[in-house]
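>>> I need the structure of the sequence given here:
(chains A and B)
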There are 2 protein chains.
Amino acid sequence: VYPVGMLHFVDRLLQRIEQASAPICIGFDPVYSRLPLELRRRGDDELHAILTFAERTFPVFAEHAPVIKLQSACFERYGFAGVGLYEVLIHKARQLGLLVIGDVKRGDIGSTAEHYAAATLTDPPSTPAQEWPSAAADAVTVNMFSGPDGLEPFLRTAAEHGKGLFAWVRGSNPGSDAVQSLELADGRTVAQALAQMVSQAGRPSRYVGESGYSLLGAVVAATKPQDMAGLRELMPQQIFLVPGFGAQGGSAAELAPVFKSDGSGALITASRSITYAYGEPGASNWLSAIAAAVVQFKAEVAGVLR
Amino acid sequence: VYPVGMLHFVDRLLQRIEQASAPICIGFDPVYSRLPLELRRRGDDELHAILTFAERTFPVFAEHAPVIKLQSACFERYGFAGVGLYEVLIHKARQLGLLVIGDVKRGDIGSTAEHYAAATLTDPPSTPAQEWPSAAADAVTVNMFSGPDGLEPFLRTAAEHGKGLFAWVRGSNPGSDAVQSLELADGRTVAQALAQMVSQAGRPSRYVGESGYSLLGAVVAATKPQDMAGLRELMPQQIFLVPGFGAQGGSAAELAPVFKSDGSGALITASRSITYAYGEPGASNWLSAIAAAVVQFKAEVAGVLR
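Next up, the predicted model:
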């Protein structure tokens, strides 16, 4: 477990990436109906099956990858009990040495953003910290629709607690163009305007680590390669969290522009192509199929950097 | 309690507004440190104080207002236990006859949006519906950054379960201009482009109630009066959920353009100006101060419609 607050988030992240020797992140978006049949034979408790799936797969992820991203929505659909499991899994992943990104895409006006920042990056006020290990993520994804003052409380909270943020700049879905590719009167796209906002918001020295990167990173999808080079240039101090690899159609060859010339600056995420690598839920070798997919994913990303 | 699914969300909403004779919504954003001292003398359990605050105030809200909006962030900051209280309070408000809007501002790419739609508009799969009353909100606020295909799962789920949506088009905070007022090459603003998307996405007849309004409404802040008339015109079938009244600076006189000529089409929200109307937390008459603020709020909004 990393001593939160001892080291700037980005420096912890880069250290972990170096130790694992690949900038990859496993996206964990558990959906009961796609879990191995073996885990679904115990009866009706869907959350218990997801817990078991995590307990079996997290050690494999931790062996090969520096970072895991938990999809909050997959837990929230089970109500408060699902949120409880999300917290438990953050703790379990951190115990295994994984850095944890909470994929929550929260965002609202400043006064509400303050609550969301506390909710996603810190432990509840009533938690006896000495007895109960932190269940707050190391970093979260945020939505920028409310502008800079909706981002500010997240930045302040993250800086105070040694955490990180990834602002959602470019989505991986086909329809995201409808908003993010809108052309502005000054020739920029909406995504480029957001990128400049992110670059500026993350620039103050209190947000920047030893490595020169800011605790404020950006989500930039692998499915929009035509946008990557431009966004990389607009956000020199941002680590890119790059979803869309694998199941969503992004390929390794298209990834090169998200990295800086020294090979740093991006964290490539694959989710469904890893966690459901076994294909048929009935497959008995599901865990080894997942392990093989992680190893292959790691090799593909490493290949881009060679 | 309303029989969910029996009547289209918008028709239920309009019926409740008519019964209460004012299109107002109470925003419930509980913050422990601002609660009446009387409720904070029991010791350290912040969630219990919030529960008591709700149990005392909800009957007052239900007497005068048709709708309550719960700010999810204020509960999420307490972790899974806070989310549990959020669910309990949705149920309690519905039992009192209030329609409940969950202010969650969720949004993500389609596959994730499906989980968020299930999380916010339906009950968890493991809930024994016969024994446990529904704790899902009647409607939720959503974020449109991922474009139409991120909205689609919310629309489908809402239609299936007799629920409603309010897409976030125009925020009440000063900084929201930085994104929402960006001017596009075709002369529209980002907010206007989103408004047209909302209008189109909500138009299919399966989403439209007897009243002609769509289950897809829009969040349009009262603090940006210069934008209202234009957005009203772009979204003829949308009910506007209008935050920013009261504490955030919106005034009654500026509200006129959000209503259609027949007085329908908007739901005005006040939050902190109502729930903290007692000013000093030590005030012994806090509940009557809240009741007076609700009555005054209702009269002000009714005044706009006369």
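>>> what are the ranges of the helices in chain A?
Assigned by DSSP state H, the helices in chain A fall at A:9-20, A:46-64, A:72-76, A:79-95, A:110-121, A:148-161, A:177-180, A:190-201, A:225-234, A:272-275, A:286-305.
>>> now the ones you listed in a markdown table, with distance to chain B?
Bear in mind the C-beta positions are built from the backbone N, C-alpha and C, glycine included. Converted to a markdown table, these look like this (distance: least, CB to the nearest CB, whole Å):
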| stretch | distance to chain B |
| --- | --- |
| helix A:9-20 | 20 |
| helix A:46-64 | 6 |
| helix A:72-76 | 4 |
| helix A:79-95 | 4 |
| helix A:110-121 | 4 |
| helix A:148-161 | 3 |
| helix A:177-180 | 4 |
| helix A:190-201 | 6 |
| helix A:225-234 | 15 |
| helix A:272-275 | 8 |
| helix A:286-305 | 18 |
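>>> Just put the ones you listed in TSV and tack on mean pLDDT and mean neighbour count.
Output for the helices of chain A, formatted as TSV (pLDDT from 0 to 100; neighbours: other CB atoms under 10 Å in any protein chain shown):
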stretch	mean pLDDT	mean neighbour count
helix A:9-20	95	20
helix A:46-64	97	18
helix A:72-76	98	26
helix A:79-95	95	21
helix A:110-121	96	24
helix A:148-161	96	21
helix A:177-180	92	21
helix A:190-201	97	22
helix A:225-234	89	17
helix A:272-275	95	21
helix A:286-305	95	18
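>>> would a markdown table of the ones you listed with distance to B:Ser72 be doable?
A markdown table is the format used below for the helices of chain A (distance: least, CB to CB, whole Å):
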| stretch | distance to B:Ser72 |
| --- | --- |
| helix A:9-20 | 25 |
| helix A:46-64 | 20 |
| helix A:72-76 | 10 |
| helix A:79-95 | 11 |
| helix A:110-121 | 9 |
| helix A:148-161 | 15 |
| helix A:177-180 | 23 |
| helix A:190-201 | 24 |
| helix A:225-234 | 31 |
| helix A:272-275 | 27 |
| helix A:286-305 | 33 |
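>>> quick one: pLDDT of the residue located most distally from the centre of chain A?
Within chain A, the residue lying farthest from the chain centre (CA atoms, centre = their mean) is A:Ala185, at 32.4 Å. We have a pLDDT of 97 for A:Ala185.
>>> Check the burial of A:Ser205 by counting its neighbours.
Neighbours of A:Ser205 under the rule other CB atoms under 10 Å in any protein chain shown: 6.
>>> no, scratch that, I was asking about A:Glu210
Neighbour count for A:Glu210, taken as other CB under 10 Å: 10.
>>> residue contacts, it?
Going by CB atoms under 8 Å, 6 or more residues apart in numbering or on different chains, A:Glu210 touches A:8, A:11.
>>> same deal with the one 3 residues further on?
Counting by CB under 8 Å, 6+ apart, A:Tyr213 touches A:10, A:14, A:237-239, A:264-265.
>>> gap between the nearest residue to it once chain neighbours are set aside and A:Phe166?
Among residues not flanking A:Tyr213 along the chain, A:Val10 sits closest, at 4.3 Å (CB to CB, 6 or more residues apart in numbering or on different chains). When CB to CB, to the nearest Å is the yardstick, A:Val10 and A:Phe166 sit 11 Å from each other.
>>> joint contacts of the two?
Joint contacts of A:Val10 and A:Phe166 (CB under 8 Å, 6+ apart) are A:217, A:239.
>>> Run a quick neighbour tally on the residue of the stretch 151-300 of chain A found nearest chain B.
Residue nearest to chain B within the stretch 151-300 of chain A: A:Gly175 (3.3 Å; CB to the nearest CB). Here the count is done by other CB under 10 Å, and A:Gly175 has 18 residues near it.
>>> same check, this time on A:Gly282
10.
>>> That one - nearest residue in space that isn't next to it in sequence?
In space, A:Gly282 comes closest to A:Leu37 once its chain neighbours are excluded; the distance is 4.9 Å by CB to CB, 6+ apart.
>>> what's the burial count for that neighbour?
A count of nearby residues for A:Leu37, using other CB under 10 Å, gives 12.
>>> pretty sure A:Asp177 contacts B:Gly147?
Yes: using CB atoms under 8 Å, A:Asp177 makes contact with B:Gly147 at a distance of 6.8 Å.
>>> Now for the closest residue to A:Gly97 other than its chain neighbours: which residues touch it?
Ranked by CB to CB, 6+ apart and with sequence neighbours excluded, the top spatial neighbour of A:Gly97 is A:Ala62, at 5.6 Å. The contact partners of A:Ala62, taken as CB under 8 Å, 6+ apart, are A:93, A:96-98.
>>> go on, A:Gly84?
Neighbour list for A:Gly84: B:79-80 [criterion: CB under 8 Å, 6+ apart].
>>> and if we set it to 10 Å?
Counting by CB atoms under 10 Å, 6 or more residues apart in numbering or on different chains, A:Gly84 makes contact with A:47, A:75, A:78, A:135, B:79-81, B:83-84.
>>> repeat for A:Ile90
A:Ile90 makes contact with A:68, A:70, A:98, A:100-102, A:133-138, according to CB under 10 Å, 6+ apart.
>>> Those: which ones sit near chain B?
For chain B, the contacts drawn from the contacts of A:Ile90 by CB under 10 Å from any CB of the partner chain are A:135-136.
>>> from the contacts of A:Ile90, which single one is nearest chain B?
Distances from chain B to the contacts of A:Ile90, taken by CB to the nearest CB, are shortest for A:Ala135, at 7.2 Å.
>>> That closest one reaches A:Leu121, doesn't it?
No: with contact defined as CB atoms under 10 Å, A:Ala135 and A:Leu121 do not form a contacting pair (11.3 Å).
>>> any idea how far the residue nearest to A:Ala54 when sequence neighbours are not counted lies from A:Gln71?
What sits nearest to A:Ala54 in space, not counting adjacent residues and going by CB to CB, 6+ apart, is A:Leu89, at 5.2 Å. For A:Leu89, the distance to A:Gln71 equals 11 Å [CB to CB].
>>> where do the contact lists of the two overlap?
In contact with both A:Leu89 and A:Gln71: A:28, A:30, using CB under 10 Å, 6+ apart.
>>> circling back: can I get the contacts of A:Gly84 in TSV including distance to A:Glu152?
As requested, these are exported to TSV (distance: CB to CB, whole Å):
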residue	distance to A:Glu152
A:Leu47	35
A:Phe75	27
A:Tyr78	32
A:Ala135	25
B:Gly79	23
B:Phe80	27
B:Ala81	27
B:Val83	25
B:Gly84	29
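>>> And those, which is closest to A:Pro125?
B:Gly79 (9.6 Å; CB to CB).
>>> residues in contact with that closest one?
B:Gly79 neighbours (CB under 10 Å, 6+ apart): A:80, A:83-84, A:86-87, A:119, A:122-127, A:135-136, B:47.
>>> From B:Pro204, how far out is it?
According to CB to CB, B:Gly79 and B:Pro204 sit 39 Å apart.
>>> Also A:Ile268?
38 Å.
>>> With A:Arg272 instead?
Taken as CB to CB, the span from A:Arg272 to B:Pro204 is 29 Å.
>>> do A:Leu165 as well
Distance, A:Leu165 to B:Pro204, by CB to CB: 37 Å.
>>> Of those two, which one has the most company?
Neighbour totals were compared for A:Leu165 and B:Pro204, and A:Leu165 leads with 31 against 12 (other CB under 10 Å).
>>> pretty sure A:Ala49 contacts A:Pro281?
No: shown here, A:Ala49 and A:Pro281 do not form a contact pair, counting by CB under 10 Å, at 11.2 Å.
>>> anything in contact with each of those two?
Counting by CB under 10 Å, 6+ apart, the residues touching both A:Ala49 and A:Pro281 are A:35-36, A:38-40.
>>> ok, and the most crowded of these?
Within these, neighbour counts (other CB under 10 Å) peak at A:Pro36, which reaches 24 neighbours.
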